[in-house]
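Novice: my questions are about this predicted structure, shown below with the sequence.
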Amino acid sequence: MGGILVELEAYAPDDPASHSFNGRTARNAAMFGPPGTLYVYRSYGIHWCANVVCGPEGVGAAVLLRAAKPTHGLDEMRARRGIDDLRRLCAGPGCLTQALGITGDHDGEPLDRLPFELRGAGSTPAAGVVTGPRVGITRAADLPWRYSLRSSLFVSRPRPRA
DNA sequence: GTATTGATCTTCT
DNA sequence: GAAGATCAATACA
């Protein structure tokens, strides 16, 4: 199963909102791995959230996967999520991981080999990307490090207007 | 349609 | 002992 990522958030090592801000711990160890590593953590004790390490190894920079447009394995994802609405299937970090079947077991796994496959969208126009404040954080909330496709109906939080 | 609240666990104070 | 990169159900306009 899979989809087109339509919403992301950036987290840097010198960013107070980032898990890597206070240094390496048992939980965020994967965040300091080589680029392309999957970093999975438990959120609010209930959900799993997936990140892709994107900085050099040992730095602690990653991108949070927030939402996607489902394209493959729809029935499988619907079964896992328990809902039919395509728009909400992957609308949010916790939803996305649940739909894709990502759990803490995948923490630290490389994304450049099976069972994962990560590809560039290729034709996505830069003009279609809109930035804004990140969601659900209290520190450094003013940084416009949330990136989403403007025209997509599949983004999570506030419905970006037009 | 928007606003509010419960569920539930890991980490840090 | 409190807070947190959340979701979904319930309450209200």
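Specialist: On my side now, so go ahead.
Novice: list the residues that contact the residue nearest to the spatial centre of chain A.
Specialist: When Cα atoms, centre = their mean is applied to chain A, the residue found nearest the centroid is residue A:65 (0.9 Å). Residue A:65 makes contact with A:5, A:8, A:49-52, A:93, A:96-97, according to Cβ atoms under 8 Å, 6 or more residues apart in numbering. Yep, even glycine has a C-beta here, placed from its N, CA and C like the rest.
Novice: which of the residues you listed count as buried?
Specialist: The neighbour-count test (16 or more other Cβ atoms under 10 Å) applied to those identifies A:5, A:8, A:49-52, A:93, A:96-97 as buried.
Novice: let's see which of those end up in helices.
Specialist: Mapping the buried ones among the contacts of residue A:65 onto helices (DSSP state H) picks out A:93, A:96-97.
Novice: tell me which of those is nearest to DNA strand C?
Specialist: The closest of those to DNA strand C turns out to be residue A:93 (Cβ to the nearest atom of the strand; 4.6 Å).
Novice: give the contact list for the closest residue to that closest one other than its chain neighbours.
Specialist: Take residue A:93 and drop its neighbours on the chain: the residue closest to it by Cβ to Cβ, 6 or more residues apart in numbering is residue A:49, 4.2 Å away. Under the criterion of Cβ under 8 Å, 6+ apart, the neighbours of residue A:49 are A:40-43, A:64-65, A:93-94, A:97.
Novice: before we move on, what about residue A:143?
Specialist: Neighbour list for residue A:143: A:15, A:17, A:133-134 [criterion: Cβ under 8 Å, 6+ apart].
Novice: then residue A:62?
Specialist: Going by Cβ under 8 Å, 6+ apart, the list of residues near residue A:62 reads A:11, A:18, A:20, A:31, A:39, A:51-55.
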